[in-house]
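> show me the folded form of this:
(one chain, ligands or ions: 1)
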Amino acid sequence: MKVLVVNCGSSSLKYQVFDMTDESVLAKGLVDRVGIPGTTLKHEPAGKDDVLIKEDMPDHTEAMKMVLNVLVNPEYGCIGDMSEIGAVGHRVVHGGEEFAYSVVIDDKVKKVIRDCFDLAPLHNPPNLMGIEACQTLMPNVNHVAVFDTAFHQTMAPANFVYALPYDVYTQYKVRRYGFHGTSHFYVSHRAAKLLGKYYGFCKIITLHLGNGASMAAIKDGKVISTSMGLTPLEGLVMGTRSGDIDPAIVFFLMEKLGMDANEANSYFNKKSGLLGLSGVSNDLRDVLEAADAGNERAKLALDVYCNAIKGYIGKYIAMLNGCDCLVFTAGVGENAIDVREHICKDMDNLGIKMDSKKNKVRGKEIDVATEDSKVRIFIIPTNEELVIARDTFNLSK
Ligand code: AMP
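Below is the predicted model:
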């Protein structure tokens with residue numbers, strides 16, 4: 001069976017086509033600026049030249065139509081006709097408390113996705129738009145939702161409720177959900193393979209360090225805790241998000257800067273993190289370059305970024321009572337050699353010893369711990385699309 005994987009953002013649509021007989025990727029692509037003048041579609045068919053199409057697309061249905069036309073194009077397409085697509089897998093950010101697993105999408109599932117609009121206002125509405133666009137164009141195949149929150153649903157209440165009046169949990173579902181679950185799931189399973197241990201007996205700390213960043217502590221096959229919370233704002237320092245701060249700073253700055261709730265939300269989500277602190281960029285490469293050139297604020301931003309991660313490693317080792325491995329993944333985790341080195345420096349008392357020579361690598365699955373390190377240090381490129389394709393296939397066989 002061939003499976004189409006779709007990930008819709010507010011103005012973007014990413015896709016991949018998998019042949020599930022060998023899990024190979026037949027093509028992938030990105031439609032950018034959906035609904036904004038200057039839409040582009042970049043299509044990357046396996047073994048053929050990339051194709052760039054520039055044509056304005058007013059909405060996700062039009063963008064999806066364009067993608068389907070590209071997939072069957074005799075010159076650069078990857079399938080003969082649409083009947084070859086046996087199922088479609090959709091990335092959905094928030095599944096609330098309803099979904100601990102992927103599900104075939106029906107009206108009830110769509111209602112839950114809609115009910116979670118409040119909790120993920122930037123993600124769930126375009127996710128649902130993408131689902132509805134695909135259902136309109138491909139009404140006769142299974143559509144499967146794979147939730148970013150699902151893997152973290154194994155957390156116990158003691159690790160997901162906040163110390164707030166309990167009613168806000170029961171009434172408004174204010175609790176820790178966690179995100180990037182599909183990535184934490186994928187890399188932690190790969191880590192168990194590399195450890196040569198049964199997944200259910202491993203203690204794993206996963207570090208998904210991309211523009212958004214989160215960590216998870218996994219024990220006996222369950223997520224014990226994760227750093228993102230009700231929303232992706234909590235936890236590590238990110239490209240533009242502050243991560244953990246004293247909540248009183250929010251009220252203080254709302255008053256000082258005259259911000260309303262919406263403006264404050266944007267301030268802590270879009271103007272903070274590496275960007276706000278360094279004043280250089282939200283992109284870690286730019287911050288590294290500026291720090292190398294002697295920019296003091298960029299150096300400070302990197303130290304704060306790495307210290308936050310170190311802090312979570314310590315916390316998670318305490319929560320897991322030790323750990324078998326750390327797993328670095330996503331853009332920064334897979335590629336930023338100096339950042340990995342900085343994080344793992346001076347942690348030998350916790351059993352973490354990095355081999356600096358082995359660590360000089362990018363985007364490759366490898367163990368970069370020293371021989372005598374008690375904790376293995378893996379770099380594992382993430383593959384969320386493959387998890388979505390597998391779940392979609394398994395629910396559609
Ligand atoms: P992601 O969200 O997973 O695509 O990751 C994006 C982040 O990865 C950005 O902050 C990039 O600066 C960072 N990144 C990508 N490649 C590198 C690299 N070679 N060195 C350092 N950071 C990188």
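
> residues from the stretch 151-300 of the chain in reach of the ligand?
G210, N211, G239, D283, L284, R285 (C-beta under 6 Å from any ligand atom). Quick note: C-beta positions are derived from backbone N, CA and C, even for glycine.

> repeat that for 8 Å
Residues of the stretch 151-300 of the chain lying close to the ligand (C-beta under 8 Å from any ligand atom) are 208-212, 239, 274, 282-288.

> ok, so of the residues you listed, who is nearest the ligand?
G210 (2.6 Å; C-beta to the nearest ligand atom).

> how much space between G35 and T136?
Using C-beta to C-beta, to the nearest Å, G35 is found at 17 Å from T136.

> same question but for G311, I mixed them up
47 Å.

> and if you look at T170?
37 Å.

> ends of stretch 350-363, how far apart?
26 Å (C-alpha to C-alpha, to the nearest Å).

> same check, this time on stretch 103-122
First-to-last residue span, stretch 103-122, C-alpha to C-alpha: 22 Å.

> just the buried positions in it, please.
Neighbour counts using 16 or more other C-beta atoms under 10 Å place V103, I105, V109, K110, V112, I113, C116, L119, A120 of stretch 103-122 among the buried residues.

> which residues in the protein form strands?
Assignment of strands within the chain using DSSP state E yields the ranges 2-8, 12-19, 24-32, 40-45, 51-54, 85-92, 103-104, 142-147, 203-209, 213-219, 222-226, 325-329, 366-367, 376-379.

> so is the second one next to the ligand?
It stands for strand 12-19. No - for strand 12-19, no contact with the ligand is found by C-beta under 8 Å from any ligand atom; the gap never falls below 11.6 Å.

> what sits up against that strand?
2-8, 24-34, 60, 63-64, 67, 71, 78-79, 85, 130, 385-386, 389, 393 (C-beta atoms under 8 Å, 6 or more residues apart in numbering).

> C-alpha coordinates for that strand, PDB please?
The C-alpha coordinates for strand 12-19 follow below in PDB (Å, rounded to 0.1, in the frame of the first residue of the first chain):
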ATOM      1  CA  SER A  12       1.900  25.600   4.600                       C
ATOM      2  CA  LEU A  13       1.300  22.000   3.600                       C
ATOM      3  CA  LYS A  14       4.000  19.300   3.900                       C
ATOM      4  CA  TYR A  15       3.600  15.900   2.300                       C
ATOM      5  CA  GLN A  16       5.400  12.600   1.800                       C
ATOM      6  CA  VAL A  17       4.400   9.500  -0.100                       C
ATOM      7  CA  PHE A  18       5.500   6.200   1.300                       C
ATOM      8  CA  ASP A  19       5.600   2.800  -0.300                       C
END
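
> one step back: possible to save the strands of the chain as TSV with mean pLDDT and distance to I343?
What follows is the strands of the chain, written out as TSV (pLDDT from 0 to 100; distance: least, C-beta to C-beta, whole Å):
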stretch	mean pLDDT	distance to I343
strand 2-8	97	28
strand 12-19	96	29
strand 24-32	97	30
strand 40-45	97	32
strand 51-54	96	37
strand 85-92	98	28
strand 103-104	98	36
strand 142-147	98	29
strand 203-209	98	8
strand 213-219	98	11
strand 222-226	98	18
strand 325-329	98	8
strand 366-367	98	16
strand 376-379	98	10
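
> quick one: these as JSON lines, columns for distance to D260 too.
Formatted as JSON lines, the strands of the chain follow (distance: least, C-beta to C-beta, whole Å):
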{"stretch": "strand 2-8", "distance to D260": "29"}
{"stretch": "strand 12-19", "distance to D260": "28"}
{"stretch": "strand 24-32", "distance to D260": "31"}
{"stretch": "strand 40-45", "distance to D260": "35"}
{"stretch": "strand 51-54", "distance to D260": "38"}
{"stretch": "strand 85-92", "distance to D260": "29"}
{"stretch": "strand 103-104", "distance to D260": "37"}
{"stretch": "strand 142-147", "distance to D260": "31"}
{"stretch": "strand 203-209", "distance to D260": "32"}
{"stretch": "strand 213-219", "distance to D260": "27"}
{"stretch": "strand 222-226", "distance to D260": "30"}
{"stretch": "strand 325-329", "distance to D260": "37"}
{"stretch": "strand 366-367", "distance to D260": "48"}
{"stretch": "strand 376-379", "distance to D260": "43"}
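
> of all the ones you listed, which one comes closest to F252?
Closest approach to F252 among the strands of the chain (C-beta to C-beta): strand 213-219, 25.0 Å.

> how about residues contacting that closest one?
Contacts for strand 213-219 (C-beta under 8 Å, 6+ apart): 151-152, 178-180, 184, 188, 202-208, 223-228, 232, 235-238, 243, 309, 312-313, 316, 319-320, 323, 330, 332.

> show only the entries of the residues you listed found in helices.
H184, S188, I309, Y312, I313, Y316, M319, L320, A330, V332 (DSSP state H).

> dump the residue contacts of the last one.
Right, the one you point to is V332. Per C-beta under 8 Å, 6+ apart, neighbours of V332: L209, G210, A213, L284, V339.

> of those, which is the nearest to F268?
Closest to F268 out of the contacts of V332 is A213 (14.9 Å), distances taken as C-beta to C-beta.

> returning to what we had before: keep only the contacts of strand 12-19 that also lie close to the ligand.
When those are checked against the ligand using C-beta under 8 Å from any ligand atom, none falls in range.

> need the buried ones from those selected in ChimeraX.
Buried subset of these, written as a ChimeraX selection, criterion 16+ other C-beta under 10 Å:
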select :2,3,4,5,6,7,8,25,26,27,28,29,30,31,32,33,34,60,63,64,67,71,78,79,85,130,385,386,389,393
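
> hmm, back to that, PyMOL command for the buried members of the contacts of strand 213-219?
Typed into PyMOL, the line below selects the buried ones among the contacts of strand 213-219, using 16+ other C-beta under 10 Å:
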select buried, resi 151+152+178+179+180+184+188+202+203+204+205+206+207+208+223+224+225+226+227+228+232+235+236+237+238+243+309+312+313+316+320+323+330+332
